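Asker: Have a look; sequence and predicted model below, questions after that.
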Amino acid sequence: MKRLLNTAGGRRRAPGEPRAIGYLYILPALLLYAAFLLYPFGQAVWLSFVHWDGLTVATSAGFDNYRDLFTDPALRAPFAHALLLLVFYSALPVAIGLLLAAALSRARVRGMTFFRTVLFLPQVLALVVVGVAWRSILAPDGLLNDVLRAVGLGSLARPWLGDYDWALPAVGVVGTWVGTGLCMVLFLAGAQRIPRELYEAARMDGAGPVREFFSVTLPGLRPQIAVALTLTIVAGLRNFDLIYITTSGGPGNTTSVPAYEVYHRAFETNQVGSAAAVGVALTVLIFVLTVTVSRLVEGRRS
C-alpha cells in the first residue's frame, strides 16, 4: 500500500511496479470528466448534424446547420456581437487594470485593502444580481438618466437598453465594470513580484513613469496578462446571464450573442440542431482564441 501511495503522489516507483497502477488513482476523475463534459459535448456534436424540434423524430441535416452559420444573417450577427463585446469584456478591463496596477504600485495608497475589495466586489456577485441592478440604472427613468438631467445633459438621456445603437455598448460597459477589478487584482499581485531593483535601475537611467511602465512593469506582468486575457475572453464569449436579464437579445437582435442564441433556438423556437451547431462553433471559437493568446505570450517570452 505504501508503494501505491508513493506512485500516486508522483514519487519514484518501486522496482518492478507497473506504471499503470498509478493511473488507477486518476481514473475516477477521468470518468467524471468524461461523463459530465465529454459525453454531453459528443451529444451536442451529434445533434448539430440533425434537424430536431425536441419532440418528433430527428432527421439528418448533414452540414446544413453549420452552413447556416455562414449564410444566415440571424446566426452571423450574434458572433459579430460577441467579438465586439470582447473589446468591453477583455481589452478595456485589461487596459484599465494595467493602468490602475501601475499607478498603485508606484505610490502607497491608504486603505488599499478596502480599495481592492470594492473593485473586486463585482466578481463575487451573481451576474443575475448585476444584471438586475444595471437594468435599473440604465432604465429610461433610471439613475443614469436622472444624473444626466440633473447636470444639464438631459439631451443625452435615452432608454439605453432599448436603443438600437446604444444597447450593445451599454451591456458592454457592464462587462467592463465586472472585469476590471479581477484584472487589477491579478496585476497588483504580479507587480509585487517584480524586483524593486529594476524600478530603481530604470529611474537611475532617467526613465519617467511611462517608460518605466513599458520597460519594467509591462514585461514583468506577461504571465498575469495571459491569465487575465484568457479569463476575460472566455467570460465575454460565454456571456448569457447579463444579456438574458438586461435585454433578452433585443431590441430586435442587436444584443444577441451565441450563448443566448443557443438558449433561444433550443427552448423558444425548437431548433435543437441549429442550437447545437451554434454551441459547438462557440466552443471551437473559445478554444482557438485562448490557445492563440497562450501561444502569443509564450512566443514573446521565448
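Answerer: Noted; the coordinates are in hand.

Asker: domain ranges for the protein?
Answerer: 2-47, 64-301 (automatic domain parsing).

Asker: Give the full set of residues in contact with the closest residue to Gly97 other than its chain neighbours.
Answerer: Of all residues not flanking Gly97 in the chain, Cys183 sits nearest, at 2.9 Å (C-beta to C-beta, 6 or more residues apart in numbering). (Each C-beta comes from the backbone N, C-alpha and C, glycine too.) By C-beta atoms under 8 Å, 6 or more residues apart in numbering, Cys183 lies in contact with 93-94, 96-98, 228, 232.

Asker: in the host helix or strand of Cys183, what's buried?
Answerer: Element membership for Cys183, per DSSP states H and E: helix 167-191. Across helix 167-191, burial judged by 16 or more other C-beta atoms under 10 Å covers 167-172, 174-188, 190-191.

Asker: Count the neighbours of Tyr260 for me.
Answerer: 24 (other C-beta atoms under 10 Å).

Asker: What helix or strand is it located in?
Answerer: helix 258-263.

Asker: which helices and strands sit right next to that helix?
Answerer: helix 73-86, helix 241-246, helix 272-301 (3 or more C-beta pairs under 8 Å, 6 or more residues apart in numbering; DSSP states H and E).

Asker: for the residue nearest the centre of the chain, what are its contacts?
Answerer: Most central in the chain under C-alpha atoms, centre = their mean is Ala235, positioned 1.8 Å from the mean C-alpha point. By C-beta under 8 Å, 6+ apart, the contact list for Ala235 reads 89, 175, 178-179.

Asker: how about 10 Å then?
Answerer: 86, 89-90, 93, 127, 175, 178-179, 182 (C-beta atoms under 10 Å, 6 or more residues apart in numbering).

Asker: now those residues as JSON lines including pLDDT?
Answerer: Output for the contacts of Ala235, formatted as JSON lines (pLDDT from 0 to 100):
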{"residue": "Leu86", "pLDDT": "94"}
{"residue": "Tyr89", "pLDDT": "95"}
{"residue": "Ser90", "pLDDT": "93"}
{"residue": "Pro93", "pLDDT": "95"}
{"residue": "Leu127", "pLDDT": "90"}
{"residue": "Gly175", "pLDDT": "93"}
{"residue": "Val178", "pLDDT": "93"}
{"residue": "Gly179", "pLDDT": "92"}
{"residue": "Leu182", "pLDDT": "91"}
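
Asker: what about the closest residue to Gly162 other than its chain neighbours, which SS state?
Answerer: Spatial nearest neighbour of Gly162, excluding adjacent residues (C-beta to C-beta, 6+ apart): Pro251 at 5.5 Å. With DSSP: H, G, I helix; E, B strand; the rest coil as the basis, Pro251 sits in coil.
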